[in-house]
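Q: pasting the structure only:
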């Protein structure tokens, strides 16, 4: 990489490509922003196609990789999605999706109607930490949304994801399904999960609809003894995934 070749034009093809990918106008690609997540992607041997780094960021911590291109600090500010950007960006190929034909074993979480990308990313990161075998997303925001990617902190490269099936198709895969409901279900901690199995988590506002709940194998409730009426979707998912990791998949 030649530090003298610094991109300064917003009309440069790489800058245009980055902007297109950041608003989901290039199939099969998504963007990363931040030194930690780009470094994590490099360590994970993730399929990065381009890496952009500002002059200032390059001076502080150079990235020695043939895919690196240096851009001006001003351009870094223009393409950044975060305030106080670290000046490190990348374009990555989406990893291979979850192979739904091979889920005769394992533990999965299904996100049905989640619209908060921060929640989605946090759940994927937790699934990675607790060793789940995959995450399904039905009617939910994309796990490759820039905010979701930042919240997942690199876990999108390690956790198999499926976002092409609707909830009916997911439930028809033939493995045990457990609907997370606020009340009226079997108490979590008093039942044993089957292997393979999936836990279905509803959206932030209304949870799961009645039809989806009725199609699941069982309804399960997290017992709450305090004054809160419900739990955040990411917190609920984490509690269920903690129970799921007790299964030997």
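A: Sure thing, it's come through. Everything numeric here is computed off the predicted structure, so don't read it as measured data.
Q: where does this structure dip in pLDDT?
A: Residues of the chain that meet the criterion pLDDT under 70 lie in 1-4, 248-249.
Q: mind listing the strands for it?
A: Here the chain has its strands, by DSSP state E, at 29-33, 48-54, 68-71, 88-93, 107-112, 134-138, 161-162, 176-180, 186-187, 197-202, 218-221.
Q: nearest to residue 8, out of the ones you listed?
A: Distance to residue 8, taken as CB to CB, is lowest for strand 68-71 among the strands of the chain, at 7.6 Å. (Each C-beta comes from the backbone N, C-alpha and C, glycine too.)
Q: domain ranges for this structure, per the record?
A: 13-93, 100-244 (automatic domain parsing).
Q: just these: most buried one?
A: domain 100-244 (a mean of 19; mean count of other CB atoms under 10 Å).
Q: on that earlier part again, now distance to residue 82 too, for the strands of the chain, in TSV please.
A: TSV is the format used below for those (distance: least, CB to CB, whole Å):
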stretch	distance to residue 82
strand 29-33	6
strand 48-54	13
strand 68-71	16
strand 88-93	11
strand 107-112	24
strand 134-138	23
strand 161-162	23
strand 176-180	31
strand 186-187	41
strand 197-202	27
strand 218-221	37
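Q: rewinding a little: format the domains of the chain as JSON lines; extra columns: distance to residue 5.
A: Putting those into JSON lines (distance: least, CB to CB, whole Å) gives the following:
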{"stretch": "domain 13-93", "distance to residue 5": "7"}
{"stretch": "domain 100-244", "distance to residue 5": "27"}
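Q: of all those, which one comes closest to residue 7?
A: domain 13-93 (4.4 Å).
Q: starting at the chain centroid, how far to that closest one?
A: When C-alpha coordinates are averaged (CA atoms, centre = their mean, to the nearest Å), domain 13-93 and its chain have centres 18 Å apart.
Q: straight-line length of it, end to end?
A: Using CA to CA, to the nearest Å, the end-to-end distance of domain 13-93 comes out at 18 Å.
Q: same deal with stretch 147-165?
A: OK, stretch 147-165 end separation, CA to CA: 22 Å.
Q: with stretch 196-207 instead?
A: Per CA to CA, stretch 196-207 runs 23 Å from first to last residue.
Q: same thing with stretch 78-86?
A: 13 Å.
Q: can you tell me what sits against it?
A: Residues outside stretch 78-86 that contact it (CB atoms under 8 Å, 6 or more residues apart in numbering): 10, 15, 18-19, 22, 33-35, 52, 54, 57, 76-77, 87, 89, 146-147, 150.
Q: rerun that using 7 Å as the cut-off
A: Contact with stretch 78-86 is made by 10, 15, 18-19, 22, 33-35, 57, 76-77, 89, 146, as judged by CB atoms under 7 Å, 6 or more residues apart in numbering.
Q: could you identify the most distant pair in those?
A: Longest span within the contacts of stretch 78-86, CB to CB: 10 and 35, 22.6 Å.
Q: tell me where the protein has helices.
A: For the chain, applying DSSP state H gives helices covering 13-22, 35-43, 55-60, 73-79, 117-129, 146-152, 167-171, 210-215, 233-244.
Q: looking at those helices, which is nearest to residue 159?
A: helix 117-129 (4.9 Å).
Q: quick one: residue 45 from residue 128, how far?
A: 16 Å (CB to CB, to the nearest Å).
Q: again, but for residue 84
A: Taking CB to CB, one finds residue 84 at 26 Å from residue 128.
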